[in-house]
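# here's a sequence, model it:
(one chain, ligands or ions: 1)
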Amino acid sequence: MSPPLLLESPNRKSFPISLAPAAAEATAVVSASRLKCYMTCRRQFYFRYLLGLKKPAGAALIVGQALHRMLEIWNHARWHGDNASLATTPERFEEEWQTIVEAQPVAWKDDKDEPKQKATALRLWQAWLANPPIPVDEVPEGVEVFLEHEEVLSDRPKIVGYLDLVRAGGLLVEFKTAARSTPADELAHQHRLQLTIYALLYRESTWQQEKGFQVIQLIKTKEPKIEVFNFPPASEKDFEELDATISAFQQGVANGDFSLSPGQHCSWCDYRTECIAKVATN
Ligand code: SF4
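So this is what the prediction gives:
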């Protein structure tokens, strides 16, 4: 049986065949963010990955990037036996913040938004330094590790991912920033595909099973909070779910399925204007 032609099925009228190369490219490499985007809303995936529409970064993204960067520097300093607190002073935070905001357009709400967001991020960073949930003298096994699964190893496509931190014994750590606390079971469910991808990549590159996962949430409440959640290693069922999701993603894109998934997530969708205009003219 010949493989399905890209964009040959139902949505072809709205999504022309000229987008076939972009569709093939968008599925050639699988990452947690692509999978999550497609599974959240196929139309959003279409705007972001097929049309390549760029949008200014939101304030929440900038705060997340700044804290990730400080964590990266802090972890690297520990790795090299340097003083992690001295490497991540408020002056260094200021430098990193400037680099991040100058590298991209940002959609600040008004003139007061940037200083307010910066103060929130710095408060959170100082809360981390005052009481880090990871011992400062514990040497990491890896920091910001880029891993990829080569398609020749299995039926899976190429899969890529960045591990924020690998702690002793193969404990895979993911840092998140959030506006509020999330119950542990909900958090595990929300990040299940992403963590399973990390388990797959870690196992293939080390030939050993991960010890488990740790999700560390930096919560942007008035009084900053840091919450640590531990989860067991990925199970066979997790890998089955991952494979089923990758397959649905690849087939969906190949079939030109970029249908709408309206819901609460539309409130923070970057492509709301384009989406509403497109629906109106369909
Ligand atoms: S506005 Fe809603 S339905 Fe439209 S692309 Fe965004 S998430 Fe999807």
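
# any idea which element residue 215 lies in?
Per DSSP states H and E, residue 215 falls inside strand 212-219.

# please apply the same query to residue 229.
Residue-wise, residue 229 maps onto strand 225-231 under DSSP H and E.

# strand partners of that strand, parallel vs antiparallel please.
Paired neighbours of strand 225-231 in the sheet (DSSP bridges): strand 212-219 (antiparallel).

# what does the strand it pairs with contact?
Strand 212-219 is contacted by residues 67, 124, 128, 133-134, 167, 171-182, 187-188, 191, 195, 198-199, 224-233 when judged by Cβ atoms under 8 Å, 6 or more residues apart in numbering. C-beta here means a position set from N, CA and C on the backbone, and glycine is covered the same way.

# in PyMOL, select just the buried ones from these.
Applying 16 or more other Cβ atoms under 10 Å to those, the buried members can be selected in PyMOL as follows:
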select buried, resi 67+124+128+134+167+171+172+173+174+175+176+177+178+182+187+188+191+195+198+199+224+226+227+229+231+233
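
# next, count neighbours for the residue in the stretch 1-150 of the chain positioned nearest to the ligand.
Nearest residue of the stretch 1-150 of the chain to the ligand: residue 41, at 3.3 Å (Cβ to the nearest ligand atom). Neighbour count of residue 41, defined by other Cβ atoms under 10 Å: 22.

# then the one 5 residues further on?
The local packing count at residue 46 equals 30, with neighbours defined by other Cβ under 10 Å.

# mind checking the SS state of the residue lying closest to it once chain neighbours are set aside?
In space, and not counting its chain neighbours, residue 46 is closest to residue 258: 3.8 Å by Cβ to Cβ, 6 or more residues apart in numbering. Secondary structure state of residue 258, per DSSP: H, G, I helix; E, B strand; the rest coil, is coil.

# gap between residue 258 and residue 174?
Note on residue 258: its distance to residue 174, by Cβ to Cβ, to the nearest Å, is 29 Å.

# where do the strands of this protein begin and end?
Per DSSP state E, the chain carries strands over the ranges 29-30, 142-149, 158-167, 171-178, 212-219, 225-231.

# reformat those as a markdown table; add mean pLDDT and distance to residue 83.
Listed next are these as a markdown table, based on pLDDT from 0 to 100; distance: least, Cβ to Cβ, whole Å:
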| stretch | mean pLDDT | distance to residue 83 |
| --- | --- | --- |
| strand 29-30 | 94 | 38 |
| strand 142-149 | 94 | 16 |
| strand 158-167 | 96 | 18 |
| strand 171-178 | 98 | 21 |
| strand 212-219 | 98 | 21 |
| strand 225-231 | 97 | 21 |
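
# include distance to residue 112 when you put the ones you listed into CSV, please.
Output for the strands of the chain, formatted as CSV (distance: least, Cβ to Cβ, whole Å):
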stretch, distance to residue 112
strand 29-30, 40
strand 142-149, 33
strand 158-167, 31
strand 171-178, 20
strand 212-219, 22
strand 225-231, 24
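
# to residue 77, which of those lies closest?
With respect to residue 77, and counting by Cβ to Cβ, the nearest of these is strand 142-149 at 9.7 Å.

# and for residue 113, the neighbour number?
14.

# please apply the same query to residue 234.
Residues near residue 234, counting by other Cβ under 10 Å: 24.

# nearest residue to residue 199 other than its sequence neighbours?
Nearest non-adjacent residue to residue 199, counting by Cβ to Cβ, 6+ apart: residue 234, 3.6 Å away.
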